[in-house]
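Participant: predicted model and sequence follow; I will ask about them next.
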Amino acid sequence: MDLGAFSISLAVRDLETSRSFYEKLGFAAVAGVASERWLIMKNGTAVIGLFQGMLEKNTLTFNPGWDADAQPLDTFTDVRDIQTALMDRGIELSQKVEESTAGPAYLVLTDPDGNPVLIDQHR
């Protein structure tokens, strides 16, 4: 099952402090709106999202329908199909997608160590 582009979404206390830190590591902001307290930063193929006041915990994030540069893919596995496959495998979801919908949607599950996993489809 193809989950889409991967990134880590970080719950940060201060967006500008975190931005400055990651810029020193070679990351550059490639998307986001600082005034809305979120940025997507990239260094080579590594992608991190900085989210101030939006997430309870750092979160593993997958984006069906996007490549690593957040560009749309022609074909991809819809989040609803991913949900069905996960449930068929006995994975419990803490937030589900309404099956009768189409387009953007997300689901959330938690790994065995308590880490949230977000599968977030934007198209």
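Facilitator: Arrived safely, thanks for sending.

Participant: identify the residues contacting the residue positioned nearest the centre of the chain.
Facilitator: A centroid search over the chain (CA atoms, centre = their mean) returns residue 61, at 2.9 Å, as the residue closest to the centre. Contact analysis of residue 61 by CB atoms under 8 Å, 6 or more residues apart in numbering lists 6-9, 49, 117-120. Every C-beta, even on glycine, is put in place using the N, C-alpha and C of the backbone.

Participant: buried ones only from those residues, please, as a PyMOL command.
Facilitator: Here is the PyMOL command that selects the buried residues among the contacts of residue 61 (16 or more other CB atoms under 10 Å):
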select buried, resi 7+9+49+117+118+119+120
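
Participant: circling back: what pairs with the helix or strand hosting the residue nearest to the centre of the chain, parallel or antiparallel?
Facilitator: According to DSSP states H and E, residue 61 maps onto strand 59-63. Sheet pairing for strand 59-63, assigned by DSSP bridges, gives strand 5-12 (antiparallel), strand 116-121 (parallel).

Participant: please enumerate the helices of the protein.
Facilitator: Under the criterion DSSP state H, helices of the chain are mapped to 15-24, 79-88.

Participant: can you list the buried residues in the last one?
Facilitator: By neighbour count, and taking 16+ other CB under 10 Å as the criterion, the buried residues in helix 79-88 are 79-80, 82-83, 86.

Participant: any idea which of those residues is closest to residue 69?
Facilitator: Of all these, residue 69 sits closest to residue 79, with 19.8 Å by CB to CB.

Participant: who's the residue lying closest to that closest one once chain neighbours are set aside bridged to?
Facilitator: Distances taken as CB to CB, 6 or more residues apart in numbering put residue 121 closest to residue 79, at 4.1 Å, once the chain neighbours are dropped. Judged by DSSP bridges, the bridge partners of residue 121 are residue 105.
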